[in-house]
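# Pasting the sequence and the predicted coordinates here, then a few questions.
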Amino acid sequence: MNLIKTSLEGVYIIEPAVYSDVRGYFFESYNRNVFEKAGVNYTFVQDNQSKSSYGTIRGIHFQKGEFAQAKLVRALQGTVLDVVVDLRKGSPTFGQHVAVELSENNYRQLLIPRGFGHGFSVLSETAVFSYKCDNFYAPSHEGSIRFDDPELAIDWHVDMNKALLSDKDQSAPDFRTYCQFPVFWYSI
């Protein structure tokens with residue numbers, strides 16, 4: 001298993017060692033010892049899974065304060081573009097993002113620490129997406145930022161005429177509005 005640093009501190013691409021033969025394949029999707037040797041220590045307490053159609057954009061979502069969540073995400077079926085936005089007050093990469101393609105074929109995962117916004121778009125006909133969280137879902141502490149905010153300039157790699165969005169994601173505040181409310185900050 002290989003942990004690859006990204007341009008955002010604490011965000012890692014995880015590439016497992018995959019063993020394939022005529023029967024299929026095998027790989028470790030998580031090994032606490034490997035993560036700890038790399039200085040990455042999380043105790044995951046909740047697993048979530050979603051299925052979505054092409055063009056679905058989910059995000060940019062986060063939880064605030066003591067209910068912030070670190071996530072380990074992957075595509076079990078299909079292909080997604082996974083996007084992570086640095087929302088940490090005082091971070092040198094505040095407001096910057098990384099985008100990584102995760103698929104059933106590349107077996108990649110993305111490790112997202114607390115203090116980051118997260119979203120993904122579905123690039124295949126359908127996708128099954130899975131994520132482990134180190135904190136429980138707390139609806140009263142969730143937040144979101146508009147997916148198409150021009151300041152963030154995220155290319156979701158889908159035809160925006162075919163984009164499928166929840167009402168919540170369509171009405172999320174823009175990044176500047178988010179920046180005006182210190183209650184949303186996650187300090188580093």
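Here it is on my side, so go on.
# Sketch out the helices for this structure, chain order is fine.
32-37, 167-170, 175-179 (DSSP state H).
# looking at these, which is closest to E125?
Across the helices of the chain, E125 has its closest neighbour in helix 167-170 (20.9 Å, C-beta to C-beta). Every residue, glycine included, has its C-beta placed from N, CA and C.
# now this protein, which segments are flagged as low pLDDT?
181-188 (pLDDT under 70).
# Quick check, central residue of this structure?
The chain has H118 as the residue nearest its centroid, 4.0 Å off, counting by C-alpha atoms, centre = their mean.
# residues contacting that residue?
59-62, 71, 73, 82-85, 112 (C-beta atoms under 8 Å, 6 or more residues apart in numbering).
# returning to that earlier point: winner for burial among the helices of the chain?
Mean neighbours per residue, mean count of other C-beta atoms under 10 Å, is largest over the helices of the chain for helix 175-179, with a mean of 16.
# How far away from the center of its chain is it?
Computed by C-alpha atoms, centre = their mean, to the nearest Å, the separation of helix 175-179 from the middle of its chain amounts to 19 Å.
# go on, stretch 86-106?
Distance, centroid of stretch 86-106 to centroid of chain: 8 Å (C-alpha atoms, centre = their mean).
# before we move on, back to that, mind putting the helices of the chain in a markdown table, distance to D134 included?
Listed next are the helices of the chain as a markdown table, based on distance: least, C-beta to C-beta, whole Å:
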| stretch | distance to D134 |
| --- | --- |
| helix 32-37 | 12 |
| helix 167-170 | 23 |
| helix 175-179 | 23 |
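# Indicate which one of the ones you listed is closest to A17.
Taking the helices of the chain one by one with C-beta to C-beta, helix 32-37 is closest: 10.3 Å.
# show me the contacts for V11.
So V11 contacts 5, 84, 98, 110-113, 116 (C-beta under 8 Å, 6+ apart).
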